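> coords please:
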Amino acid sequence: MDLSVVVPTLNGRDRLAASLDALAEAAPDAEVVVVNGPSADGTTGMVRDRDDVDVLVEISDRTLNVARNAGIRASSGDAVAFVRYDVAVEDQWLDGVTDGLAEAPVVTGPSHRTLRAGMTTETLERRTICGRDVVYFNGGNVAFRRAALDKLDGFDEYLHTGGARDAAHRLAATGFGVTWRPEMSVRTEYEADGGVKERDWGWKYRALGYRLAKNYGFRPTVARRTLKHARTDAVSAARDVIRGDATPTGWFGTGRDVVSGMATGLSDGLVARARDRSTTRNPHGCSKRADRAVATYDWR
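Numbering: from 1, shown residues only. From the prediction side, this is the model:
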């Protein structure tokens, strides 16, 4: 098996360097493709000074799914893994990839997150939606056989978030299985500021509505699942108001963003479903454009 590892990054030079160090230790023979968004922190120079990166692709888009697709196009392996720039693969990671891909076309594993109170990890998540058994994967730690990626046509570039979950729905529709290997683990460390980012509620529900409508049409199950998510988040946000962690004005503003995002996503998802009626369901996929790269440095 010839393995390519795609590492999308944006303004994360120091964490990327640590991630590449770990990859060089755990998978020294893998082809490493770094896809760098419009970083302003010297990432390009750092990567070009290393001798363990095979391809550096510079893109102007800040969207993760664009970076993933650019990496797919630049990679040459018959298996392609995706690793986040701010995690480090652990010692047995390559064994997990190899054993997992011998069992299924897609393999994923846990992220071990070191916190002040201890360590957290993840387990396999699965849902049955409209009679389809969907196995979700960790988008920052996953490997595909090339045939599975080709069938998916990569990731849907419409989505600013939720691209991995959308791909999981489409994998289930095309019949490709996903397996879990605990030894295929990555780790990340607790950051001093907690690493908490403000959630973009509009895009969360836009992505949710889009991927459900695109993959399943406008069925009662789609409306029920979307409203269930919204109800759960509304209750959680209301508790924040009661505790004094948020204001009523902010709560109403969040609700407006949720409703607007949901409506836009459902509408755009139905349009996308009409544009691509195949099981691939990817009208914004890897094959749809060839201008992602601004510059490519290829040292192979």
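
> For this protein, name the helix or strand with the lowest mean pLDDT.
strand 118-120 (a mean of 52; mean pLDDT, DSSP states H and E).

> Work out which residue lies at the spatial centre of the chain.
Gly139 (3.6 Å; Cα atoms, centre = their mean).

> circling back to that earlier point, what lines up beside the very next helix or strand once past the least confident helix or strand of the chain in the sheet?
Next in sequence after strand 118-120, counting helices and strands by DSSP states H and E, comes strand 125-129. In the sheet, strand 125-129 lines up against strand 132-136 (antiparallel) (DSSP bridges).

> Now do the partner strand: distance to the chain's middle.
Taking the mean of its C-alpha atoms, strand 132-136 sits 16 Å from the chain's own mean (Cα atoms, centre = their mean, to the nearest Å).

> Show me which residues of that strand are buried.
134-136 (16 or more other Cβ atoms under 10 Å). To be clear about C-beta, it is placed using only N, CA and C from the backbone, and glycine gets the same treatment.

> just to revisit the earlier point, unless I'm mixing things up, the residue nearest to the centre of the chain is touching Ala164, no?
Yes - at 3.0 Å, Gly139 and Ala164 qualify as touching, with contact defined as Cβ atoms under 8 Å.

> one step back: residues contacting the residue nearest to the centre of the chain?
By Cβ atoms under 8 Å, 6 or more residues apart in numbering, Gly139 lies in contact with 82, 84, 163-165, 167.

> Now with 7 Å, please.
82, 163-164 (Cβ atoms under 7 Å, 6 or more residues apart in numbering).

> Turn those into CSV, including secondary structure, neighbour count and distance to Leu227.
Converted to CSV, those look like this (DSSP: H, G, I helix; E, B strand; the rest coil; neighbours: other Cβ atoms under 10 Å; distance: Cβ to Cβ, whole Å):
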residue, secondary structure, neighbour count, distance to Leu227
Phe82, strand, 28, 32
Gly163, helix, 23, 23
Ala164, helix, 20, 23
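
> ok, so of these, who is nearest Asp150?
Nearest to Asp150 out of the contacts of Gly139 is Phe82 (Cβ to Cβ; 15.2 Å).

> which residues does the closest one contact?
6, 68, 139-140, 142.

> And for Thr43?
Contacts of Thr43 (Cβ under 7 Å, 6+ apart): 9, 13, 16, 36.

> of all those residues, which two lie farthest apart?
Arg13 and Asn36 (9.6 Å).

> Of the two, give the one with the bigger neighbour count.
Between Arg13 and Asn36, Asn36 has the larger neighbour count (other Cβ atoms under 10 Å), namely 27 against 18.

> I'd like the mean pLDDT over the longest helix seen in the chain, please.
Counting by DSSP state H, the longest helix found in the chain is helix 248-275. Average pLDDT, helix 248-275: 87.

> where does the stretch 1-150 of the chain have low pLDDT?
Applying pLDDT under 70 to the stretch 1-150 of the chain flags the ranges 114-122.

> give me that answer again for 80
Applying pLDDT under 80 to the stretch 1-150 of the chain picks out residues 113-123.

> Helices along the stretch 51-200 of the chain, start to end?
64-74, 93-103, 146-152, 163-174 (DSSP state H, counting those that start in this stretch).

> Off-centre distance for the last one?
A distance of 11 Å separates the centroid of the chain from that of helix 163-174, by Cα atoms, centre = their mean.

> The third one now?
Helix 146-152 has its C-alpha centroid displaced from the chain centroid by 16 Å (Cα atoms, centre = their mean).

> surely Gly100 meets Thr179?
Yes - under the criterion of Cβ atoms under 7 Å, Gly100 is in contact with Thr179, at a separation of 5.1 Å.
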